[in-house]
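Participant: Let me see the structure of the following:
(chains A, B and C)
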Amino acid sequence: MKIIYILLCIPFFLLSANTNAASLTNGDIIKGKQFWQKERVGKQPYLQRSCTSCHGIDQTKKGKHIKTNKVIEPMALSITSTRFSNEKKVEKWFLRNCKWAVGRTCTTNEKKQILAYLKSL
Amino acid sequence: MQRYRKFIMSIKLNAKSTPSQTIMVWDLLVRIFHWTLVLSFFTAYFTEDDFQALHVWAGYTIISLLFTRILWGFIGTTHAKFSDFYYSKHQIIVFIKETLQYKAKRFIGHNPAGGAMIFLLLISLVITTITGLFLYGLEEGQGPLASLPYQNWLSVKKYINELHDFFANFTLFLILIHIIGVLIESIIHKENLIHSMISGKKHEN
Amino acid sequence: MNKSVIGTLLISSTLLCVAMSFLYSQNAVSDDDFFTQVKHPGVLPVKDKTYIEECSSCHMAYSPGLLPQKSWAKIMNNLENHFGDNAEILPNDNKQILAYLQKNSAEKSPYYRSKKIARSLSKNKIVDRITNTPYFLRKHDEIPKKFVTGNPKVRSFSQCNLCHQNTKNGSFNEDEISIPGVGYWHD
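Facilitator: So this is what the prediction gives:
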């Protein structure tokens, strides 16, 4: 009988390992949030830079471009449901904004963590 | 059209019946100048910024007309010369008073008020066109004054603009008075002064 | 010679001289301008989808007719440092967009404002931004600073569409201006 219980439980373990479910991404979400909010030193005239410089502190609210003031729709997936569906677009913005905010391109892991954070909101 | 013909006929008949003849008062240059100026001014006034090229060319035309007329005012035919219709302030006031009393005498060339009007119009147009040239150079970077350093003219540019607008409108105002004056004179002395500016002729008497 | 003849000669030679001096001077109004302002007013309205997608997320889609092709090349080759921001795009998109911009640049455009802009540029200097073209500067130098750079609702002359309400159709007509917080302003 016990063997049957164990056998029945395996699929659930396999499932949870595959579906990016809670356990894997809790750490990712926290890391993503920290990366997102970190203030870094930059060149004139933006000596302090962070993702929040344009996107704001609260990702469920609209942000605005630091120079042009152009309104940016909320990054939270729950608010702006069209986000992250176009891979080319996502990669483009990572390229631009990581270079601006961080001074280099973001690693694959960092991108995964950021996405995890934004999708969790 | 019929009425006009009748009017012309009546003038010709009058001319025949009285011993007076028609004489040439306004030479060809004066007449071409006058009507080209009318066309150019109204073109310029109504095109403004919306049809800038046309506005500017109308302005260029007016400048050359002014230049020619002013020169002609010194070396031209009798009634085209400035000396023919330059009257003192006193004479002008007396003339206006007499006109209001229907007592003013008739002048072959420009009467004192008409003469004053010519001078005012010429001055107003000169200011309008010259300020226009400056604006074209400073604002659009085109025309003969395009190489002026606009940065140094910044504070003056605004005033040049106001002057240009003001004198353009002032000219229009003068034109209105000019037309009224011509009509009054025509009625009082029973002659068609508009026709005279086309044919150049008036009757002697 | 009778005065009529002198008069006619005088007037025609004056007109001829004036006409020639203007037509031959570099900055004279050229013939194409007569109809340009009516046929192609303003600048080319932006319709290129790639350009709109890649280049108008942070600011309006500037019409290619606002700059000469050398300036566009300079900008597109320097997107990593795009006026303080990073605006990099994929090399393929960059090529495509640059081609679109240069094909419709100021010196090649039949549009009224483009011709004015092109005419105002000096041959030696490469202008780095629209707001530094001589034509732009002449047109905007009378505006009080408090309406633009000192106005928190505008802040910069680069934000054309905040004051010019009809930039989508390529129009910068003076009658279509409303400055945020100020309203219609006439010089």
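
Participant: from here on, contacts and neighbour counts on C-alpha atoms
Facilitator: Fine.

Participant: can you give me the helices in chain C?
Facilitator: Using DSSP state H, the helices of chain C run over C:3-24, C:33-39, C:49-55, C:69-76, C:91-103, C:112-120, C:134-140, C:160-163.

Participant: Please identify the deepest-packed of the ones you listed.
Facilitator: Mean neighbour count (mean count of other C-alpha atoms under 10 Å in any protein chain shown) peaks for helix C:112-120 among the helices of chain C, with a mean of 22.

Participant: Please enumerate residues in contact with it?
Facilitator: Defining contact as C-alpha atoms under 8 Å, 6 or more residues apart in numbering or on different chains, one finds that helix C:112-120 is touched by B:140-141, C:33, C:36-37, C:40-43, C:65-68, C:105-107, C:109, C:133-136.

Participant: Quick check, the residue in chain A closest to chain C?
Facilitator: A:Arg96 (5.2 Å; C-alpha to the nearest C-alpha).

Participant: could you measure that residue against C:Asn78, distance?
Facilitator: Applying C-alpha to C-alpha, to the nearest Å, the value for A:Arg96 to C:Asn78 is 13 Å.

Participant: Between those two, which is the more surrounded one?
Facilitator: Neighbours were counted for A:Arg96 and for C:Asn78 using other C-alpha atoms under 10 Å in any protein chain shown; A:Arg96 has more, 20 against 14.

Participant: mind listing what the closest residue to that one other than its chain neighbours touches?
Facilitator: In space, and not counting its chain neighbours, A:Arg96 is closest to C:Asn86: 5.2 Å by C-alpha to C-alpha, 6 or more residues apart in numbering or on different chains. Contacts for C:Asn86 were tallied using C-alpha under 8 Å, 6+ apart; they are A:96-97, A:99-100, C:79-80.

Participant: quick one, phi/psi of the residue in chain C that chain A sits nearest to?
Facilitator: Taking C-alpha to the nearest C-alpha, chain A has its nearest neighbour within chain C at C:Asn86, 5.2 Å off. Main-chain torsions, C:Asn86, degrees, to the nearest 10: phi -110, psi 120.

Participant: The one 3 residues further on too?
Facilitator: The main-chain torsion angles of C:Ile89 are listed as degrees, to the nearest 10 and equal phi -140, psi 170.

Participant: What's the local residue count around the closest residue to it other than its chain neighbours?
Facilitator: In space, and not counting its chain neighbours, C:Ile89 is closest to A:Lys92: 6.5 Å by C-alpha to C-alpha, 6+ apart. Look at A:Lys92: counted by other C-alpha under 10 Å, it has 15 neighbours.

Participant: any idea which element A:Lys92 lies in?
Facilitator: helix A:87-101 (DSSP states H and E).

Participant: What mean pLDDT does that helix get?
Facilitator: Summarised as a single mean, pLDDT over helix A:87-101 is 95.

Participant: Give me the longest helix you can find in chain B.
Facilitator: Max-length helix for chain B by DSSP H is helix B:154-189.

Participant: helices and strands around it, which ones?
Facilitator: helix B:112-140, helix B:193-199 (3 or more C-alpha pairs under 8 Å, 6 or more residues apart in numbering or on different chains; DSSP states H and E).

Participant: which of the ones you listed is buried the deepest?
Facilitator: By mean neighbour count, with neighbours taken as mean count of other C-alpha under 10 Å, helix B:112-140 ranks first of those at a mean of 20.

Participant: between that one and helix B:154-189, how big is the angle?
Facilitator: 150 degrees (axes from the mean of the first three to the mean of the last three C-alpha atoms, to 10 degrees).

Participant: Kindly calculate the angle that helix B:112-140 makes with helix C:112-120.
Facilitator: Using the same axes, to 10 degrees: helix B:112-140 against helix C:112-120 is 80 degrees.

Participant: what about helix B:112-140 and chain C, touching?
Facilitator: Yes: using C-alpha under 8 Å from any C-alpha of the partner chain, we find that helix B:112-140 touches chain C at B:138-140.

Participant: I'd like to know which elements that helix is packed against.
Facilitator: Helix B:112-140 sits against helix B:52-75, helix B:89-100, helix B:154-189, helix C:134-140, with contacts defined as 3+ C-alpha pairs under 8 Å, 6+ apart.

Participant: Out of those helices, which is closest to B:His34?
Facilitator: helix B:52-75 (8.9 Å; C-alpha to C-alpha).

Participant: who in chain C is up against chain A?
Facilitator: Residues of chain C lying near chain A by C-alpha under 8 Å from any C-alpha: C:57-59, C:80, C:84-90, C:159.

Participant: Recalculate using a threshold of 7 Å.
Facilitator: C:58-59, C:85-89 (C-alpha under 7 Å from any C-alpha of the partner chain).

Participant: Compute the distance between the residue nearest to B:His55 when sequence neighbours are not counted and chain C, please.
Facilitator: Using C-alpha to C-alpha, 6+ apart and skipping residues adjacent in sequence, the residue nearest B:His55 is B:Ala44, 4.6 Å away. Separation of B:Ala44 from chain C (C-alpha to the nearest C-alpha, to the nearest Å): 14 Å.

Participant: With mean pLDDT as extra columns, can I get the helices and strands packed on helix B:154-189 in JSON lines?
Facilitator: JSON lines is the format used below for these (pLDDT from 0 to 100):
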{"stretch": "helix B:112-140", "mean pLDDT": "96"}
{"stretch": "helix B:193-199", "mean pLDDT": "95"}
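
Participant: which element follows the helix or strand of chain A with the lowest mean pLDDT toward the C-terminus?
Facilitator: One helix or strand of chain A scores below all others by mean pLDDT, DSSP states H and E: helix A:2-18, with a mean of 68. Next helix or strand after helix A:2-18 toward the C-terminus (DSSP H and E): helix A:22-37.

Participant: Pull the residues that contact whatever helix or strand comes next after that following helix.
Facilitator: Using DSSP H and E, the helix or strand that follows helix A:22-37 in sequence is strand A:40-41. Contact with strand A:40-41 is made by A:47-50, A:102, as judged by C-alpha atoms under 7 Å, 6 or more residues apart in numbering or on different chains.

Participant: which residues of chain B score low on pLDDT?
Facilitator: Chain B contains residues with pLDDT under 70 at B:7-20.

Participant: Most proximal residue of it with respect to chain A?
Facilitator: Nearest residue of chain B to chain A: B:Gln151, at 27.3 Å (C-alpha to the nearest C-alpha).

Participant: Distance of that residue relative to B:Leu145?
Facilitator: Distance, B:Gln151 to B:Leu145, using C-alpha to C-alpha: 14 Å.

Participant: So which of the two has more stuff around it?
Facilitator: Neighbours per residue (other C-alpha under 10 Å) separate B:Gln151 from B:Leu145, with B:Leu145 holding more: 16 against 12.

Participant: Got phi/psi on the more buried one?
Facilitator: Residue torsions, per degrees, to the nearest 10, at B:Leu145 are phi -100, psi 20.

Participant: how about the nearest residue to it, chain neighbours excluded?
Facilitator: Per C-alpha to C-alpha, 6+ apart, closest to B:Leu145 is B:Gly137, 4.5 Å.
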